[in-house]
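Trainee: just the structure for this:
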Amino acid sequence: MITLRQGSATKNPTNIILMTIVCFLLSGSCAWAAPSFQQRMQKVASSPNEGARVDIRNTSREILADLYEAQPSARALIKNAAGYATFSNFGMKIFVAGGGTGKGIAVNNKTKKEVFMKMVEIQAGLGMGVKTFRLIWVFDTKKAFDRFVNSGWDFGAQATAAAQVADYGGAKQGALSVAPGIWLFQLTDDGLALELTVKGTKYYKDDDLNKK
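Mentor: Down below sits the predicted model:
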């Protein structure tokens with residue numbers, strides 16, 4: 001540390017030179033920092049979808065936490081799976097027609113790669129009602145996971161009859177078997193549902209959110 005006594009800077013040319021160099025370096029570091037900050041701000045502004053991605057990730061964590069609370073054994077099933085996907089949906093039926101949309105994320109457990117997805121629901125029926133549900137898909141194999149992510153998935157009107165509650169107990173207790181190597185948990189406001197109610201739904205990649 002250099003300590004200057006009053007008046008010494010004007011009497012000692014060396015001190016004047018040192019002070020000039022320090023001021024130059026300080027002003028330069030500020031100038032270099034400013035563009036870096038501006039670049040970071042520009043990057044955030046140019047990625048409006050990042051906020052949506054963060055929301056979906058947070059929702060996914062909440063869905064998994066709710067599932068583990070309702071069915072603790074599901075944690076082991078998901079941990080040992082090739083991958084999983086979570087979806088949150090809000091649907092409303094008004095008189096004779098209704099529909100809902102949802103957002104989700106699929107995660108490859110080995111690579112940790114995320115794929116953001118959409119869910120579209122189309123229903124027909126009488127009456128009015130509101131329903132919310134969250135879905136957790138679990139894939140035993142990479143092939144099943146990749147097929148779901150890359151080709152999408154359609155649940156037709158006959159899906160309710162095709163889905164069967166797993167009879168195996170253990171980690172798969174409470175899961176619905178919707179296809180070989182594919183399991184589905186459905187959470188409602190009342191807890192874990194043992195009957196599939198998501199008829200007429202389609203799942204596919206969200207091209208916008210998957211853009212970097």
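Trainee: just confirm residue 53 is within a helix.
Mentor: Yes. Applying DSSP: H, G, I helix; E, B strand; the rest coil, one finds residue 53 inside a helix.
Trainee: mind pulling the model confidence for it?
Mentor: Looking at residue 53, its pLDDT reads 92.
Trainee: was I right about it contacting residue 117?
Mentor: No. Between residue 53 and residue 117 there is no contact under Cβ atoms under 8 Å: 11.8 Å. Placement of C-beta: from N, CA and C, glycine included.
Trainee: quick one, what contacts the closest residue to residue 191 other than its chain neighbours?
Mentor: Using Cβ to Cβ, 6 or more residues apart in numbering and skipping the chain neighbours, the partner closest in space to residue 191 is residue 70 (5.4 Å). Contacts for residue 70 (Cβ atoms under 8 Å, 6 or more residues apart in numbering) come out as 174, 187, 191-192.
Trainee: what subset of those residues is buried?
Mentor: 174, 187, 192 (16 or more other Cβ atoms under 10 Å).
Trainee: of the residues you listed, closest to residue 133?
Mentor: residue 187 (6.4 Å; Cβ to Cβ).
Trainee: which helix or strand contains the closest one?
Mentor: strand 182-188 (DSSP states H and E).
Trainee: the helix or strand following that strand pairs with which strands?
Mentor: Sequence order places strand 191-193 as the next helix or strand after strand 182-188, per DSSP H and E. The strands beside strand 191-193 in its sheet (DSSP bridges) come out as strand 182-188 (antiparallel).
Trainee: so what's residue 116 up against?
Mentor: 53, 56, 103-105, 205-206, 209-210.
Trainee: which one (most neighbours) among those?
Mentor: residue 104 (24 neighbours; other Cβ atoms under 10 Å).
Trainee: beta-bridge partners for it, please?
Mentor: residue 87, residue 117.
Trainee: next one: it from residue 117, what distance?
Mentor: 5 Å (Cβ to Cβ, to the nearest Å).
Trainee: about what we covered before: buried ones in the strand holding residue 187?
Mentor: Those would be 182-187, for strand 182-188 by 16+ other Cβ under 10 Å.
Trainee: show me where the chain has its helices.
Mentor: Applying DSSP state H to the chain gives helices spanning 8-11, 13-45, 50-70, 74-79, 142-151, 159-162.
Trainee: residues in contact with residue 153?
Mentor: 202-204.
Trainee: looking at the residues you listed, which is nearest residue 76?
Mentor: The closest of those, once distances to residue 76 are taken by Cβ to Cβ, is residue 203, at 24.6 Å.
Trainee: skip the chain neighbours and tell me the closest residue to the closest one.
Mentor: residue 153 (4.4 Å).
Trainee: hmm, back to that, export the contacts of residue 70 to TSV and tack on distance to residue 132 and pLDDT?
Mentor: TSV is the format used below for these (distance: Cβ to Cβ, whole Å; pLDDT from 0 to 100):
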residue	distance to residue 132	pLDDT
174	19	79
187	9	89
191	13	83
192	14	84
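Trainee: nearest to residue 111, of those residues?
Mentor: residue 187 (26.4 Å).
Trainee: any idea how far that closest one is from residue 205?
Mentor: From residue 187 to residue 205 the distance is 23 Å (Cβ to Cβ).
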